[in-house]
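**Q** Attaching a predicted model along with its sequence, questions to come.
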Amino acid sequence: VGQNLVTIKQVDSTNSFLKNLLSNSTPVPEGTVIMAEEQYAGRGQQQNTWHSEPGKNLTFSLLLKPHFLTPGQQFDLNRAASLGVYDALYPLLGDKLKIKWPNDIYYGDQKLGGMLIENSIQGDKLKDSVVGIGININQENFPDGAVNATSVKQILQKDYELTLILSEICRYVEVYYLKLRAGQTEFVRNAYLQRLYWLNEERSFESENRGVFNGIVKNVLPAGLLVIEDTMGVQMEFNLKELKF
Ligand code: BTN
(Lines give C-alpha, C1' and ligand atoms only; values in the text may rest on other atoms or scores of the structure.)
Protein backbone atom coordinates (compact mmCIF):
# COMPACT_ATOMS: atom_id res chain seq x y z
CA VAL A 1 0.00 0.00 0.00
CA GLY A 2 1.32 3.41 -0.97
CA GLN A 3 4.03 2.34 -3.43
CA ASN A 4 2.00 3.97 -6.14
CA LEU A 5 1.33 7.50 -4.83
CA VAL A 6 -0.43 10.21 -6.80
CA THR A 7 -0.56 13.71 -5.33
CA ILE A 8 -3.15 16.16 -6.63
CA LYS A 9 -3.11 19.87 -5.83
CA GLN A 10 -6.86 20.36 -5.84
CA VAL A 11 -9.74 17.94 -6.26
CA ASP A 12 -13.39 17.70 -5.21
CA SER A 13 -12.85 14.52 -3.20
CA THR A 14 -10.13 11.89 -3.46
CA ASN A 15 -12.78 9.20 -2.97
CA SER A 16 -14.85 10.53 -5.88
CA PHE A 17 -11.72 10.91 -8.02
CA LEU A 18 -10.64 7.32 -7.44
CA LYS A 19 -14.16 5.99 -7.97
CA ASN A 20 -14.30 7.87 -11.27
CA LEU A 21 -11.09 6.27 -12.46
CA LEU A 22 -12.52 2.86 -11.62
CA SER A 23 -15.82 3.49 -13.34
CA ASN A 24 -13.94 4.57 -16.50
CA SER A 25 -12.17 1.19 -16.36
CA THR A 26 -8.83 2.92 -15.89
CA PRO A 27 -6.47 0.24 -14.59
CA VAL A 28 -5.51 1.19 -11.03
CA PRO A 29 -3.25 -1.22 -9.14
CA GLU A 30 -4.22 -2.36 -5.66
CA GLY A 31 -2.52 -0.25 -3.00
CA THR A 32 -2.59 2.96 -5.06
CA VAL A 33 -2.92 6.10 -2.95
CA ILE A 34 -4.47 9.32 -4.21
CA MET A 35 -3.58 12.22 -1.96
CA ALA A 36 -4.94 15.77 -2.23
CA GLU A 37 -3.39 18.98 -1.01
CA GLU A 38 -6.84 20.50 -1.14
CA GLN A 39 -10.32 18.98 -1.30
CA TYR A 40 -13.09 21.42 -2.06
CA ALA A 41 -15.95 18.92 -1.65
CA GLY A 42 -14.59 16.39 0.83
CA ARG A 43 -17.19 13.88 1.92
CA GLY A 44 -17.74 12.36 5.34
CA GLN A 45 -19.94 9.61 6.69
CA GLN A 46 -23.71 9.93 6.57
CA GLN A 47 -23.76 12.60 3.86
CA ASN A 48 -21.63 14.95 5.96
CA THR A 49 -19.00 17.18 4.40
CA TRP A 50 -15.33 17.00 5.38
CA HIS A 51 -13.47 20.30 5.66
CA SER A 52 -9.74 20.43 5.87
CA GLU A 53 -7.43 23.44 5.63
CA PRO A 54 -5.48 23.18 2.33
CA GLY A 55 -1.95 21.85 2.66
CA LYS A 56 -2.18 21.22 6.40
CA ASN A 57 -3.72 17.78 6.78
CA LEU A 58 -3.83 14.33 5.30
CA THR A 59 -6.70 13.74 2.90
CA PHE A 60 -6.23 10.65 0.78
CA SER A 61 -7.86 7.53 -0.58
CA LEU A 62 -6.31 4.16 -1.02
CA LEU A 63 -7.50 1.35 -3.21
CA LEU A 64 -7.92 -2.21 -2.00
CA LYS A 65 -9.31 -5.14 -3.94
CA PRO A 66 -10.68 -7.41 -1.23
CA HIS A 67 -11.99 -10.13 -3.53
CA PHE A 68 -11.68 -12.60 -0.66
CA LEU A 69 -14.39 -10.88 1.42
CA THR A 70 -18.15 -11.14 1.12
CA PRO A 71 -20.33 -8.03 1.49
CA GLY A 72 -21.26 -9.29 4.98
CA GLN A 73 -17.59 -9.08 5.96
CA GLN A 74 -16.98 -5.55 4.76
CA PHE A 75 -16.77 -4.09 8.25
CA ASP A 76 -13.46 -5.93 8.61
CA LEU A 77 -12.05 -3.35 6.18
CA ASN A 78 -13.20 -0.57 8.51
CA ARG A 79 -11.41 -2.40 11.30
CA ALA A 80 -8.19 -2.85 9.32
CA ALA A 81 -8.12 0.79 8.20
CA SER A 82 -8.88 2.16 11.69
CA LEU A 83 -6.20 -0.05 13.21
CA GLY A 84 -3.68 1.04 10.59
CA VAL A 85 -4.26 4.71 11.35
CA TYR A 86 -4.24 4.01 15.07
CA ASP A 87 -0.96 2.13 15.07
CA ALA A 88 0.70 4.76 12.87
CA LEU A 89 -0.29 7.57 15.26
CA TYR A 90 0.23 5.67 18.51
CA PRO A 91 4.00 6.33 18.79
CA LEU A 92 3.24 10.07 18.61
CA LEU A 93 0.12 10.25 20.73
CA GLY A 94 0.00 7.27 23.09
CA ASP A 95 -2.84 5.93 25.17
CA LYS A 96 -5.28 8.82 24.79
CA LEU A 97 -5.69 7.69 21.20
CA LYS A 98 -8.88 5.67 20.64
CA ILE A 99 -10.97 4.27 17.85
CA LYS A 100 -14.52 5.53 18.17
CA TRP A 101 -17.03 3.22 16.58
CA PRO A 102 -17.36 2.72 13.74
CA ASN A 103 -14.09 4.21 12.48
CA ASP A 104 -13.34 7.63 13.92
CA ILE A 105 -9.95 8.39 15.36
CA TYR A 106 -10.16 10.22 18.67
CA TYR A 107 -7.69 11.77 21.07
CA GLY A 108 -9.48 11.93 24.41
CA ASP A 109 -12.88 13.37 23.61
CA GLN A 110 -11.77 15.12 20.43
CA LYS A 111 -11.90 13.94 16.87
CA LEU A 112 -8.60 13.74 15.05
CA GLY A 113 -9.80 12.06 11.90
CA GLY A 114 -12.23 9.79 10.21
CA MET A 115 -12.76 7.62 7.21
CA LEU A 116 -15.22 6.99 4.46
CA ILE A 117 -14.99 3.53 2.92
CA GLU A 118 -16.89 2.90 -0.30
CA ASN A 119 -17.07 -0.65 -1.60
CA SER A 120 -18.29 -2.15 -4.84
CA ILE A 121 -19.61 -5.68 -5.13
CA GLN A 122 -19.21 -8.29 -7.85
CA GLY A 123 -21.22 -11.47 -7.52
CA ASP A 124 -21.04 -12.56 -3.89
CA LYS A 125 -17.69 -10.90 -3.21
CA LEU A 126 -16.35 -7.39 -2.76
CA LYS A 127 -14.62 -5.92 -5.78
CA ASP A 128 -13.03 -2.51 -5.15
CA SER A 129 -12.75 -0.77 -1.83
CA VAL A 130 -12.01 2.94 -1.81
CA VAL A 131 -10.69 3.72 1.65
CA GLY A 132 -10.84 7.50 2.17
CA ILE A 133 -8.98 8.80 5.19
CA GLY A 134 -8.84 12.32 6.60
CA ILE A 135 -6.55 13.06 9.55
CA ASN A 136 -5.95 16.52 11.03
CA ILE A 137 -2.21 16.95 11.29
CA ASN A 138 -0.97 20.56 11.17
CA GLN A 139 -4.21 22.54 11.25
CA GLU A 140 -4.19 25.04 14.12
CA ASN A 141 -7.61 26.64 14.03
CA PHE A 142 -10.94 25.01 13.50
CA PRO A 143 -14.14 26.75 12.43
CA ASP A 144 -16.80 27.31 15.11
CA GLY A 145 -18.84 24.38 13.82
CA ALA A 146 -16.01 21.95 14.53
CA VAL A 147 -15.85 22.37 18.33
CA ASN A 148 -14.96 18.76 18.80
CA ALA A 149 -12.01 18.67 16.39
CA THR A 150 -8.32 18.60 17.14
CA SER A 151 -5.06 17.96 15.27
CA VAL A 152 -1.68 16.42 16.00
CA LYS A 153 -0.23 19.94 16.06
CA GLN A 154 -2.80 21.18 18.58
CA ILE A 155 -1.85 18.28 20.81
CA LEU A 156 1.94 18.27 20.40
CA GLN A 157 2.65 21.92 19.44
CA LYS A 158 4.79 20.79 16.54
CA ASP A 159 4.50 20.49 12.77
CA TYR A 160 4.69 17.07 11.19
CA GLU A 161 5.70 15.96 7.72
CA LEU A 162 2.52 14.74 6.04
CA THR A 163 4.19 12.20 3.79
CA LEU A 164 5.99 10.58 6.72
CA ILE A 165 2.76 9.98 8.60
CA LEU A 166 1.11 8.87 5.36
CA SER A 167 3.73 6.20 4.78
CA GLU A 168 3.34 4.89 8.35
CA ILE A 169 -0.43 4.70 7.88
CA CYS A 170 0.03 2.80 4.60
CA ARG A 171 2.47 0.42 6.23
CA TYR A 172 0.12 -0.47 9.07
CA VAL A 173 -3.06 -0.62 7.00
CA GLU A 174 -1.22 -3.14 4.85
CA VAL A 175 -0.27 -5.20 7.92
CA TYR A 176 -3.91 -5.54 9.00
CA TYR A 177 -5.19 -6.00 5.47
CA LEU A 178 -2.78 -8.87 4.91
CA LYS A 179 -3.96 -10.43 8.17
CA LEU A 180 -7.51 -10.37 6.82
CA ARG A 181 -6.32 -11.86 3.57
CA ALA A 182 -4.55 -14.63 5.50
CA GLY A 183 -7.80 -15.44 7.33
CA GLN A 184 -6.70 -13.97 10.68
CA THR A 185 -10.01 -12.22 11.12
CA GLU A 186 -10.23 -12.87 14.86
CA PHE A 187 -6.89 -11.19 15.44
CA VAL A 188 -8.10 -8.08 13.63
CA ARG A 189 -11.44 -8.06 15.44
CA ASN A 190 -9.79 -8.40 18.85
CA ALA A 191 -7.24 -5.69 18.11
CA TYR A 192 -10.09 -3.37 17.12
CA LEU A 193 -12.03 -4.07 20.32
CA GLN A 194 -8.92 -3.46 22.43
CA ARG A 195 -8.62 0.06 21.06
CA LEU A 196 -12.31 0.86 21.13
CA TYR A 197 -13.39 3.99 22.95
CA TRP A 198 -15.87 3.41 25.81
CA LEU A 199 -15.65 -0.37 25.79
CA ASN A 200 -17.19 -1.53 29.09
CA GLU A 201 -17.86 2.06 30.13
CA GLU A 202 -21.19 3.66 30.84
CA ARG A 203 -22.20 6.55 28.58
CA SER A 204 -25.23 8.44 27.47
CA PHE A 205 -26.62 7.59 24.02
CA GLU A 206 -29.53 8.73 21.95
CA SER A 207 -31.51 6.53 19.60
CA GLU A 208 -34.65 7.03 17.55
CA ASN A 209 -36.59 4.41 19.51
CA ARG A 210 -35.35 5.01 23.04
CA GLY A 211 -34.51 8.69 23.14
CA VAL A 212 -31.67 9.48 25.57
CA PHE A 213 -30.53 6.52 27.63
CA ASN A 214 -27.53 5.29 29.59
CA GLY A 215 -25.71 2.16 28.57
CA ILE A 216 -22.44 0.31 28.40
CA VAL A 217 -20.61 -0.46 25.15
CA LYS A 218 -20.27 -4.24 25.15
CA ASN A 219 -19.15 -5.34 21.72
CA VAL A 220 -19.03 -4.77 18.00
CA LEU A 221 -20.62 -7.62 16.06
CA PRO A 222 -18.83 -9.16 13.04
CA ALA A 223 -20.95 -7.11 10.62
CA GLY A 224 -20.21 -3.91 12.53
CA LEU A 225 -23.28 -3.38 14.72
CA LEU A 226 -22.56 -1.78 18.08
CA VAL A 227 -23.89 -3.69 21.11
CA ILE A 228 -24.98 -1.56 24.07
CA GLU A 229 -26.34 -2.89 27.35
CA ASP A 230 -28.80 -0.64 29.14
CA THR A 231 -29.01 -0.18 32.91
CA MET A 232 -31.61 -2.98 33.08
CA GLY A 233 -29.11 -5.37 31.55
CA VAL A 234 -30.88 -5.53 28.18
CA GLN A 235 -28.57 -5.66 25.16
CA MET A 236 -29.38 -3.77 21.97
CA GLU A 237 -27.70 -3.59 18.59
CA PHE A 238 -27.34 -0.38 16.62
CA ASN A 239 -26.14 0.73 13.26
CA LEU A 240 -24.70 4.19 12.71
CA LYS A 241 -27.95 5.68 11.43
CA GLU A 242 -29.87 4.66 14.54
CA LEU A 243 -27.55 6.10 17.14
CA LYS A 244 -26.26 9.50 18.25
CA PHE A 245 -23.51 9.93 20.82
C1 BTN B 1 -15.98 11.17 8.62
O2 BTN B 1 -15.42 11.27 9.72
O3 BTN B 1 -17.16 11.45 8.47
C4 BTN B 1 -15.19 10.62 7.45
C5 BTN B 1 -14.28 11.65 6.85
C6 BTN B 1 -13.52 11.11 5.67
C7 BTN B 1 -12.72 12.16 4.94
C8 BTN B 1 -11.79 11.61 3.91
S9 BTN B 1 -10.65 12.82 3.31
C10 BTN B 1 -10.15 11.79 2.00
C11 BTN B 1 -11.39 11.08 1.50
N12 BTN B 1 -12.07 11.84 0.48
C13 BTN B 1 -13.28 12.25 0.88
O14 BTN B 1 -14.07 12.95 0.20
N15 BTN B 1 -13.51 11.83 2.14
C16 BTN B 1 -12.42 11.03 2.66
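**A** Received it, and whenever you're ready, just let me know what you need.
**Q** From now on I want contacts and neighbour counts done on CA atoms only, so please keep to that.
**A** Will do.
**Q** Tell me which residues of the longest strand seen in the chain come out buried.
**A** As far as residue count goes, and with DSSP state E defining each element, the longest strand of the chain is strand 110-122. Along strand 110-122, the positions that meet the burial threshold by neighbour count (16 or more other C-alpha atoms under 10 Å) are 110, 111, 112, 113, 114, 115, 116, 117, 119.
**Q** Which ones, among those, also lie beside the ligand?
**A** 114, 115, 116 (C-alpha under 6 Å from any ligand atom).
**Q** can I assume the last one is in contact with residue 135?
**A** Okay, so that is residue 116. No. Contact status for residue 116 versus residue 135: not in contact, 11.8 Å apart, counting by C-alpha atoms under 8 Å.
**Q** The helix or strand containing residue 170 near the ligand at all?
**A** Using DSSP states H and E, residue 170 sits within helix 162-181. No. Looking at helix 162-181 against the ligand by C-alpha under 6 Å from any ligand atom, there are no contacts, and the closest approach is 12.1 Å.
**Q** residues making contact with that helix?
**A** Residues external to helix 162-181 that are found in contact with it (C-alpha atoms under 8 Å, 6 or more residues apart in numbering): 1-2, 57-58, 66, 68, 76-77, 80-85, 87-89, 137, 185, 187-188.
**Q** repeat for stretch 7-15
**A** Defining contact as C-alpha under 8 Å, 6+ apart, one finds that stretch 7-15 is touched by 17, 34-43, 59-61, 118, 130-132.
**Q** so how far is stretch 113-133 from its chain's centroid?
**A** Averaging C-alpha positions (C-alpha atoms, centre = their mean, to the nearest Å) puts stretch 113-133 12 Å from its chain's average.
**Q** Spell out which parts of the protein neighbour the ligand.
**A** Of all the residues in the chain, those in contact range of the ligand (C-alpha under 6 Å from any ligand atom) are 13-15, 42-45, 50, 59-61, 104, 114-116, 132-134.
**Q** Only the buried subset of the residues you listed, as a ChimeraX command please.
**A** When burial is assessed using 16+ other C-alpha under 10 Å, the buried subset of those is captured in ChimeraX by this command:
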select :13,14,15,42,43,44,50,59,60,61,104,114,115,116,132,133,134
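**Q** now, which of the residues of the chain next to the ligand lie within strands?
**A** Among the residues of the chain next to the ligand, DSSP E puts 59, 60, 61, 104, 114, 115, 116, 132, 133, 134 in strands.
**Q** Adding pLDDT and distance to residue 214, write the residues you listed out as JSON lines.
**A** Written out in JSON lines, the entries for those read as follows (pLDDT from 0 to 100; distance: C-alpha to C-alpha, whole Å):
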{"residue": "59", "pLDDT": "98", "distance to residue 214": "35"}
{"residue": "60", "pLDDT": "98", "distance to residue 214": "36"}
{"residue": "61", "pLDDT": "98", "distance to residue 214": "36"}
{"residue": "104", "pLDDT": "97", "distance to residue 214": "21"}
{"residue": "114", "pLDDT": "97", "distance to residue 214": "25"}
{"residue": "115", "pLDDT": "98", "distance to residue 214": "27"}
{"residue": "116", "pLDDT": "98", "distance to residue 214": "28"}
{"residue": "132", "pLDDT": "98", "distance to residue 214": "32"}
{"residue": "133", "pLDDT": "98", "distance to residue 214": "31"}
{"residue": "134", "pLDDT": "98", "distance to residue 214": "30"}
